[in-house]
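> kindly generate the corresponding structure for this input.
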Amino acid sequence: MDGALQEPCRSCWSGGWARFRKNRTGMAGAVIVTALYLMAVFAPALTPYDPISQGSLPEMRHHAPGGDHPLGTDKFGRDVFARVLYGSRISLAISFLSVTISVIVGALAGAAAGYAGGWVDSVIMRFVDALMAIPRLFLLLTCIALFSNSIPLVIILLGATSWMATARLVRGQILSLRRQDFVAAAESLGAGGRRIIFRHLIPNTLTVMIISATLRIGGIILTEASLSFLGLGVPQPVPSWGRMVFEGREALLGAWWVSTFPGLAIIITVIGYNLLGDGLKESFDPVHFG
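Have a look, this model is predicted:
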């Protein structure tokens, strides 16, 4: 019986992946994202330089791209290429973990609101509306100012301030699924609310959550870069794309490469995730394929 109840989820996945493999936009985004993660994982094999160790000053200061330093060096003589590669580990890990937190919290809140309905739905959604009314960057700056900034804190704050939109999407999906026959069948068999939510409803919202996550990772990366640019994100001396852009702001004319290449990395990553998200949405969202 469980297999029959899970049929909506299985049919959506099988058809969706078949459409996604034919979607050029989505596949292009998948290639970009995969390449970025591979470069992050194999960073030690791609460069011999330590991203933190400073070079000999003033000989190694602001070397132009070329030779032993394909992307040049910064004001401390550190290799920009190495810092971009190792910085990808930080930026990609922060964005992935933050989005994971936001999706889990948003899915639980949205599922509880959509299935319970009534006053529970009203309380949860009014709380969501109140949080969405608070400027996110202001909230992040306030929290980081109250505590010493660290990578775990940045991850938790980014995840805790980005789950509301996912909650609204999941709630809408649950409200639609709540009226389906397979939910009524589960209830008639005596399944409790918790089992119905985790066994039958949430699995049928996975596509919505994945699409939401991929479309929001780009925004998370930009937010983390903004915090690092303001000096409130990843602490020194850990390399981060946003901090690299911040560190190169004073030499944009004489050493343009210090800020340009991490900035391009941010742009490519955001574009890759947006393409991937658009492809997943076109492949799995019923609105796009009737």
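
> the protein: strands as residue ranges?
In the chain, no segments count as strands under DSSP state E.

> most centrally placed residue in it?
Nearest to the mean C-alpha position of the chain, by C-alpha atoms, centre = their mean, lies residue 217 at 2.4 Å.

> and the helices in the stretch 151-290 of the chain?
151-160, 164-177, 181-188, 193-195, 206-229, 241-247, 257-284, 286-289 (DSSP state H, counting those that start in this stretch).

> look up how far residue 233 lies from the residue nearest to the centre of the chain.
16 Å (C-beta to C-beta, to the nearest Å). No exception for glycine: its C-beta is placed from N, CA and C like everyone else's.

> what do you get for residue 18?
From residue 18 to residue 233 the distance is 40 Å (C-beta to C-beta).

> got it, and residue 137?
Here residue 137 is placed at a distance of 12 Å from residue 233 (C-beta to C-beta).

> hey, what's in contact with both of these two?
Common neighbours of residue 137 and residue 233, counting by C-beta atoms under 8 Å, 6 or more residues apart in numbering, are residue 226.

> of the two, who's got more company?
Taking other C-beta atoms under 10 Å, residue 137 and residue 233 do not tie; residue 233 has more neighbours (29 against 12).

> do you know the pLDDT at that one?
For residue 233, the pLDDT comes out at 76.

> which residue packs closest to it, ignoring adjacent ones?
Nearest residue to residue 233 in three dimensions, chain neighbours excluded: residue 227, at 3.5 Å (C-beta to C-beta, 6 or more residues apart in numbering).

> was I right to think that neighbour contacts residue 140?
Yes. Between residue 227 and residue 140 there is a contact at 6.5 Å, judged by C-beta atoms under 8 Å.

> any idea how far residue 61 is from the residue nearest to residue 151 when sequence neighbours are not counted?
Nearest non-adjacent residue to residue 151, counting by C-beta to C-beta, 6+ apart: residue 234, 6.0 Å away. Using C-beta to C-beta, we find residue 234 at a distance of 23 Å from residue 61.
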